[in-house]
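J.: Provide a 3D model corresponding to the input given below.
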Amino acid sequence: MSAMSNMGERDVIFEYKDESQAERLARKSEEAPFFPVAITGCAAAVAYGAYKFKSRGMMSPSVFLMQLRVGAQGVAVGALTLGLVYSIINERFLKKK
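T.: Here you go, the predicted model:
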């Protein structure tokens, strides 16, 4: 019971509030500007893979889909890495005094 009474005295670390998917995407876009780029790149890689699926030749579908997954993840990780580098440069080197 004493643990419950101490909860009000602590600083709030995270304030929970309901937000729609659009509000969450907008918030994430402000926090990490390359987040939408990563999502778009991943979607583009998947769309390209779906288009090329017909002409995969003798390659088995499971191998093709595994390669597609790796490519899509590579695009997303690359975009997020660029976003991280962008954020570090803005915060550390281009910081206005």
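J.: for the helix ranked longest in the chain, packing partners?
T.: Determined from DSSP state H, the single longest helix within the chain is helix 61-88. On a contact count with 3 or more C-beta pairs under 8 Å, 6 or more residues apart in numbering; DSSP states H and E, helix 61-88 meets helix 35-52. Bear in mind the C-beta positions are built from the backbone N, C-alpha and C, glycine included.
J.: tell me the helices and strands packed up against the helix it packs on.
T.: Packing partners of helix 35-52 (3+ C-beta pairs under 8 Å, 6+ apart): helix 21-31, helix 61-88.
J.: and these, which is most packed in?
T.: Among the helices and strands packed on helix 35-52, ranked by average contacts under mean count of other C-beta atoms under 10 Å, first place goes to helix 61-88 (a mean of 14).
J.: gap between that helix and the chain center?
T.: Between the centre of helix 61-88 and the centre of its chain there are 10 Å (C-alpha atoms, centre = their mean, to the nearest Å).
J.: with stretch 82-97 instead?
T.: For stretch 82-97, the distance to the chain centre is 19 Å (C-alpha atoms, centre = their mean).
J.: sorry, back to before: got TSV for the helices and strands packed on helix 35-52, with distance to A44 too?
T.: Formatted as TSV, the helices and strands packed on helix 35-52 follow (distance: least, C-beta to C-beta, whole Å):
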stretch	distance to A44
helix 21-31	17
helix 61-88	7
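J.: of these, which approaches A45 most closely?
T.: Closest of the helices and strands packed on helix 35-52 to A45 is helix 61-88, at 4.0 Å (criterion: C-beta to C-beta).
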